[in-house]
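S.K.: Give me coordinates for this.
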Amino acid sequence: MDMDFESLSTDMRNNANPEKAAQMKAYMRDNFEYLGVPTPKRREICKPYLKSAKKDTLIDWKFIDRCWKEQYREYQYTAMDYLSQMNKLLTDANVPKIKKLILKKSWWDTVDGLDEIMGGIALRFPNVKPTLLEWSTDKNFWLRRAAIDHQLQYKDKTDTKLFEKILTNNFGQTEFFINKAIGWSLREYSKTNPDWVRAFIKKHKDKLAPLSVREGSKYI
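M.R.: You can find the predicted model right below:
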């Protein structure tokens, strides 16, 4: 069954709030337009649609594409909520589609959701690891950020060899979103393996950005 984009869109627009939209746009540095539907309300609106989609055995990519084409950012958030729910249906064959989403209307809010979705795919299909390694050296820093953070939720399932290679591929960067991602990934993994993170930071401290060291050392 296809997702009912038109009905969902009508429900979203009926809950638009111009005042909140201005605040949300300002928070995102005026990069995107908003309807002004806060996350709790958006998820309340989408709940019946997502509940119905749980029964599906195929992902509705047309719905995702329509959401991504919409000017209001809430639609991209809705597409990510849908993808997260349907994550178990995603396979290695869907990686090009995820890549396309990462590269379109890129900002930390969508990329950080999509890298978690990529992480779910990579955990089930280890053959995509070379692709993530390629992303870690891509000229597009959002792809590199997705590669850096894709294991963020892995904990003791983290592939430390891949993790280290991806991180070292991003040394010497001046891009805030890359250095922040390095620190964030180290910080999260330190909750599981503080000794590994401590040793990594000690070994590479002269090559890590101060921001990465500060973030990565927060819990060790």
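S.K.: Now do residue 54, the pLDDT please.
M.R.: Confidence at residue 54, expressed as pLDDT, is 89.
S.K.: Check the one 10 residues further on too.
M.R.: Reported pLDDT at residue 64 in the predicted model: 98.
S.K.: do the one 10 residues further on as well
M.R.: pLDDT, the model's per-residue confidence, is 98 for residue 74.
S.K.: who touches it in this structure?
M.R.: 12, 34-35, 37, 42 (CB atoms under 8 Å, 6 or more residues apart in numbering). Just so you know, the C-beta spots here come from the backbone N, C-alpha and C atoms, and that holds for glycine as well.
S.K.: what's the answer for residue 205, then?
M.R.: residue 213.
S.K.: What distance do you get for it to residue 197?
M.R.: From residue 205 across to residue 197, the span is 12 Å (CB to CB, to the nearest Å).
S.K.: re earlier: neighbour-wise, which of the contacts of residue 74 leads?
M.R.: residue 37 (27 neighbours; other CB atoms under 10 Å).
S.K.: Name the SS class of it, please.
M.R.: For residue 37, the assignment made with DSSP: H, G, I helix; E, B strand; the rest coil gives coil.
S.K.: ok, the closest residue to residue 211 other than its chain neighbours - how many residues close by?
M.R.: The shortest distance from residue 211 to any non-neighbouring residue, by CB to CB, 6 or more residues apart in numbering, is to residue 179 (4.6 Å). Residue 179: 23 surrounding residues under other CB under 10 Å.
S.K.: With residue 134 instead?
M.R.: 12.
S.K.: got it, and residue 73?
M.R.: If you count neighbours by other CB under 10 Å, residue 73 ends up with 22.
S.K.: Okay, residue 198 and residue 219: tell me how far apart.
M.R.: 10 Å.
S.K.: what do those two both touch?
M.R.: residue 190.
S.K.: coming back round to it: now, which of the contacts of residue 74 sits nearest residue 23?
M.R.: Nearest to residue 23 out of the contacts of residue 74 is residue 34 (CB to CB; 8.5 Å).
S.K.: Domain-wise, how is the chain divided?
M.R.: 1-89, 127-220 (automatic domain parsing).
S.K.: Tell me which of those sits most buried.
M.R.: Across the domains of the chain, the average number of neighbours (mean count of other CB atoms under 10 Å) peaks for domain 127-220, which reaches a mean of 18.
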